[in-house]
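> Give me a 3D structure for the following:
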Amino acid sequence: MNIYCCECKKKIEARLTNGSEIYPHRKDLFKLSFWKCDICHNYVGCHHKTDKPTQPLGVIPSEDIRKARKHLHELIDPIWMTGDMSRKKLYSAISDKLGRKYHAANVRSVEEAREAYKAVLDIKRDQAEDKKALEDHSQSD
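Numbering: from 1, shown residues only. The predicted structure follows:
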């Protein structure tokens, strides 16, 4: 399958493999599917809990981009997991701030990750300001 590889900066013919190759120390992941770039050895997981278990989650990230995505999820996930905003609404708000469709799995550079991170911080700030305005308004009544 042709998948964009962030390290190689081009679409490559990725090889379907499994977790025993990617995570040899994690027996619980052995049966999961992954797409691997045999040029740079980076990989991407698959939508294993769907009816398309070998569909890649997104582009193949470099190690730096993988770390940047992890930081994004650490910022984003608590927002929708606590119910402050639905996941769909949050991703839509991030997309609006960026001016393009956003999904962490399609972040192709550390710069794109930084832009998304800043957009999420803006959304969080806007939420806090809206909440404070509501509290101030209810106290003045």
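
> Helices of the protein, start to end?
Secondary structure of the chain (DSSP state H): helices at 19-22, 63-81, 87-98, 110-140.

> would you list those helices in CSV and tack on mean pLDDT, distance to residue 54 and mean neighbour count?
All C-beta atoms are positioned from the backbone trio N, CA, C, and that covers glycine. Below are these laid out as CSV (pLDDT from 0 to 100; distance: least, CB to CB, whole Å; neighbours: other CB atoms under 10 Å):
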stretch, mean pLDDT, distance to residue 54, mean neighbour count
helix 19-22, 98, 13, 16
helix 63-81, 96, 20, 15
helix 87-98, 96, 24, 15
helix 110-140, 87, 26, 13
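
> Throw those into TSV and include distance to residue 36, thanks.
Shown next, in TSV, are the helices of the chain (distance: least, CB to CB, whole Å):
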stretch	distance to residue 36
helix 19-22	7
helix 63-81	13
helix 87-98	27
helix 110-140	21
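
> Give me the residue at the spatial middle of this structure.
residue 104 (2.3 Å; CA atoms, centre = their mean).

> domains of the protein?
2-45, 63-140 (automatic domain parsing).

> To residue 51, which of those lies closest?
domain 2-45 (13.4 Å; CB to CB).

> quick one on the thing from earlier: out of the helices of the chain, which comes closest to residue 8?
helix 63-81 (12.3 Å).
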